[in-house]
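Asker: pasted the sequence and its predicted model underneath.
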Amino acid sequence: GILDFVNEYIAVLELEKDGKEAMMVRYLSDLALQSNLYITYRPSLIAVCVMSLAFHCLGKNDIWPESLEKTSGYLWKDVKKCTLEFSACIDHMQSTMPSLQMIARRYRKSARHRVSYIRIPRLISLPEQVR
């Protein structure tokens, strides 16, 4: 599922396993598991969207690293569409699913870099190209 791909992508990008970026990716992965994205998208694509949104939330300039594109085989246009939908999905879920609070509480711990306090924006658009 998503988590298998996320763990693979974390390794490919050489993110610190317990670092802030990896924790943000895992937090968003947990949220993605509560979404209905599975109806439309493959777990591997959802995983790269999770990575892209996590990088965006953390203010990274490179939200679609070339190594992630090569490893996943996805093009930005596909990732962009899914990422925008995932962002909208999170926005909707946060207002309608109280069970998400349990996930957020888990990621408020200092060992998880308190990533659930980081704002997840509702994305209206993303660049057409990233390179």
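Answerer: Structure received.

Asker: for the rest of this, base every contact and every neighbour count on C-alpha atoms.
Answerer: Noted.

Asker: who's in contact with the nearest residue to Cys82 once chain neighbours are set aside?
Answerer: Nearest residue to Cys82 in three dimensions, chain neighbours excluded: Cys49, at 6.3 Å (CA to CA, 6 or more residues apart in numbering). Contacts for Cys49 (CA atoms under 8 Å, 6 or more residues apart in numbering) come out as Val79, Lys80, Cys82, Thr83, Phe86.

Asker: which helix or strand contains Cys49?
Answerer: Cys49 is part of helix 43-57 when elements are defined by DSSP states H and E.

Asker: figure out how far that helix is from the centre of its chain.
Answerer: If you compare the mean C-alpha spot of helix 43-57 with that of the full chain, they lie 3 Å apart, counting by CA atoms, centre = their mean, to the nearest Å.

Asker: take that helix, keep the C-alpha atoms, and write them as PDB.
Answerer: Coordinates of the C-alpha atoms in helix 43-57 are reproduced here as PDB (Å, rounded to 0.1, in the frame of the first residue of the first chain):
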ATOM      1  CA  PRO A  43      -1.100   3.700  -4.000                       C
ATOM      2  CA  SER A  44       2.200   4.500  -5.600                       C
ATOM      3  CA  LEU A  45       0.800   7.700  -7.100                       C
ATOM      4  CA  ILE A  46      -0.800   8.700  -3.800                       C
ATOM      5  CA  ALA A  47       2.500   8.100  -2.100                       C
ATOM      6  CA  VAL A  48       4.400  10.500  -4.400                       C
ATOM      7  CA  CYS A  49       1.600  13.100  -3.900                       C
ATOM      8  CA  VAL A  50       2.000  12.700  -0.100                       C
ATOM      9  CA  MET A  51       5.800  13.400  -0.600                       C
ATOM     10  CA  SER A  52       5.100  16.400  -2.800                       C
ATOM     11  CA  LEU A  53       2.600  17.900  -0.400                       C
ATOM     12  CA  ALA A  54       4.800  17.300   2.600                       C
ATOM     13  CA  PHE A  55       7.700  19.100   0.900                       C
ATOM     14  CA  HIS A  56       5.300  22.000   0.000                       C
ATOM     15  CA  CYS A  57       4.100  22.200   3.600                       C
END
